[in-house]
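S.K.: Structure for the following, please:
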Amino acid sequence: MTNCLEAGIRELVDEFHANGKSCPSTQTISERRAGYIASTVLAGQSPKIEEEFIDVINGVQVKIYKPNEQTNLPITVYFHGGCFISGGFETHDIQLRQIAHMSNSIVICIKYRLAPEHRYPAAHDDVYQAVIGIKEVGQKYGGDPAKIVFVGDSAGGQLALATTLRLKQNQQWLPRSQILIYPMLDPKGNSDSYRENGADYIITANMLLSGFHLYANSEEELNNEPELNLLDCDLSGLPSTTIITAEFDPLRDEGEKLYKLIRSYGVEAYCERYSGVIHGFFQLSGVSSSAQSCIVAVANQIKRESYTR
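M.R.: A predicted model of the protein is given here:
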């Protein structure tokens with residue numbers, strides 16, 4: 001099956017097979033976090049931008065990436081991935097600079113608390129409080145709080161969607177749109193793609209599901225908490241939603257199921273599956289042409305939502 005993979009991705013998967021297909025979920029938390037940071041050597045070119053700095057909003061650390069000296073720029077709020085247990089500015093710096101540069105928007109990445117040190121609802125509360133604050137203070141960074149787009153990958157895609165649903169429930173404002181890159185949505189892993197792609201493509205089913213288990217306080221919460229089971233939520237009234245999936249990703253089917261569900265609620269939605277790639281490909285633009293194309297597509301989507309609506 002590796003012959004169906006994009007060339008640069010295939011080399012990584014072949015190396016994974018040669019090393020015995022060891023599941024990252026067997027590693028310690030510190031090893032998983034270090035491995036994620038080490039993988040950034042595959043992230044590609046890091047463009048220069050005007051300014052980047054760390055700030056604290058509503059008690060939550062954020063990093064601001066400003067592409068140039070312009071003011072009233074659109075704001076892209078980024079929710080980083082990492083299975084709820086890893087990730088942060090250092091794992092996403094290159095993509096965040098790329099998005100800021102290509103979309104001509106101020107990118108604000110939220111550094112939420114990680115499991116297992118901090119369990120549900122810590123991450124959900126952090127991103128929600130940060131987003132409320134970004135709306136209030138975004139102008140001081142040179143941003144236009146009336147033009148906010150959410151982008152999230154993997155666990156960050158889950159958090160982005162959960163935040164939009166909280167905003168709707170609390171009758172707050174909503175982002176202009178949301179872009180969900182292979183979001184983690186089903187803590188049970190019941191889809192066909194979990195079975196088909198769960199062992200052979202580096203990011204395994206057990207690795208993804210272990211993130212949910214390390215974040216939830218109990219099996220009962222994992223099964224019944226609405227914010228951890230977003231495929232069972234009321235998805236009406238959401239902003240325009242774009243979902244990106246990867247052909248050989250355990251999460252492929254649940255992302256595409258979300259697309260169909262959102263459409264069934266009458267919400268404007270789009271879905272694009274990238275062929276020949278695996279979970280996490282968005283951060284592999286140093287070896288993947290699909291990753292490069294995806295970053296451009298995300299940036300263009302941000303521009304369309306920010307400058308034409």
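
S.K.: ok, residue 259 - contacts?
M.R.: Contacts for residue 259 (Cβ atoms under 8 Å, 6 or more residues apart in numbering) come out as 241, 243, 269, 270, 271. Any C-beta I mention is one placed from the backbone N, CA and C, and that applies to glycine too.

S.K.: Mind checking which of those residues land in helices?
M.R.: Among the contacts of residue 259, DSSP state H puts none in helices.

S.K.: could I get those as TSV with pLDDT?
M.R.: Listed next are the contacts of residue 259 as TSV, based on pLDDT from 0 to 100:
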residue	pLDDT
241	98
243	98
269	98
270	97
271	98
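
S.K.: sec struct for residue 201, please.
M.R.: coil (DSSP: H, G, I helix; E, B strand; the rest coil).

S.K.: Please look at it and residue 278 and confirm they touch.
M.R.: Yes: assessed by Cβ atoms under 8 Å, residue 201 is found in contact with residue 278 at 4.3 Å.

S.K.: hey, what's in contact with both of these two?
M.R.: With Cβ under 8 Å, 6+ apart as the test, residue 201 and residue 278 both reach 13, 248, 249.

S.K.: Between those, which sits nearest residue 89?
M.R.: Closest to residue 89 out of those is residue 249 (24.1 Å), distances taken as Cβ to Cβ.

S.K.: what sits against residue 261?
M.R.: So residue 261 contacts 231, 235 (Cβ under 8 Å, 6+ apart).

S.K.: where's it, which helix or strand?
M.R.: helix 252-264 (DSSP states H and E).

S.K.: That helix: which residues count as buried?
M.R.: 252, 253, 254, 255, 256, 257, 258, 259, 261, 262 (16 or more other Cβ atoms under 10 Å).

S.K.: try stretch 237-251
M.R.: 238-251.

S.K.: give the contact list for the closest residue to residue 180 other than its chain neighbours.
M.R.: In this structure, residue 180 finds its nearest non-sequential neighbour in residue 157, 4.0 Å apart by Cβ to Cβ, 6 or more residues apart in numbering. Neighbouring residues of residue 157 by Cβ under 8 Å, 6+ apart: 79, 81, 180, 181, 182, 183, 184, 185, 255.
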